[in-house]
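Undergrad: coords please:
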Amino acid sequence: MFGDETAMDGRALRRRRGWGVIGHRVNVIELFHPLISVLALYTYTGFACWRHVEGAFNVGTFLEAMTSMLDDIMQPWPLPNSILILDNCGIHHAHETLLRE
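TA: Numbers count the residues shown, from 1 in each chain. Predicted coordinates for the structure are as follows:
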């Protein structure tokens, strides 16, 4: 089972150029969209579960979301979903001993 997080805000939809009448300035309207962060667990069969927060994950929200998802899905070795793989993001090391349990 793999775990990863990602985030998106309104900058992904930003346009810096547009079409308009020759000789007239083009007005570009920027809309504000809040930052949304998603933490997902997925296996070889697809997404197992996910959690999202408005803003960024911090150590507390990451640990809360991860433990709630793992309680539902994680199984003892050697059953399926018994190994969790995370990337080397610093937030993953904050409570590494709690996640190992």
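Undergrad: who are the packing partners of the longest helix anywhere in the chain?
TA: Criterion DSSP state H: the longest helix present in the chain is helix 59-73. Where contact means 3 or more Cβ pairs under 8 Å, 6 or more residues apart in numbering; DSSP states H and E, helix 59-73 is packed against strand 36-43, strand 46-54, helix 90-93, helix 96-100. No exception for glycine: its C-beta is placed from N, CA and C like everyone else's.
Undergrad: flag every buried residue along that helix.
TA: 61, 62, 63, 65, 66, 69, 70 (16 or more other Cβ atoms under 10 Å).
Undergrad: and the residue of the chain most remote from its centre, helix, strand or coil?
TA: Relative to the centre of the chain, and counting by Cα atoms, centre = their mean, the farthest-placed residue is residue 23 at 43.7 Å. Reduced to three states with DSSP: H, G, I helix; E, B strand; the rest coil, the structure at residue 23 is coil.
Undergrad: using CSV, write out every CA atom in the longest helix of the chain.
TA: Output for helix 59-73, consisting of C-alpha atoms alone and laid out as CSV, is shown next (Å, rounded to 0.1, in the frame of the first residue of the first chain):
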residue,chain,number,x,y,z
VAL,A,59,2.0,17.1,11.7
GLY,A,60,-1.2,16.8,13.7
THR,A,61,-3.6,16.7,10.8
PHE,A,62,-1.3,14.3,8.9
LEU,A,63,-1.1,11.9,11.8
GLU,A,64,-4.9,12.1,12.5
ALA,A,65,-5.8,11.4,8.8
MET,A,66,-3.2,8.7,8.4
THR,A,67,-4.2,6.8,11.6
SER,A,68,-7.9,7.0,10.8
MET,A,69,-7.3,5.6,7.3
LEU,A,70,-4.8,2.9,8.5
ASP,A,71,-7.2,1.7,11.2
ASP,A,72,-9.7,0.8,8.5
ILE,A,73,-7.4,-0.8,5.9
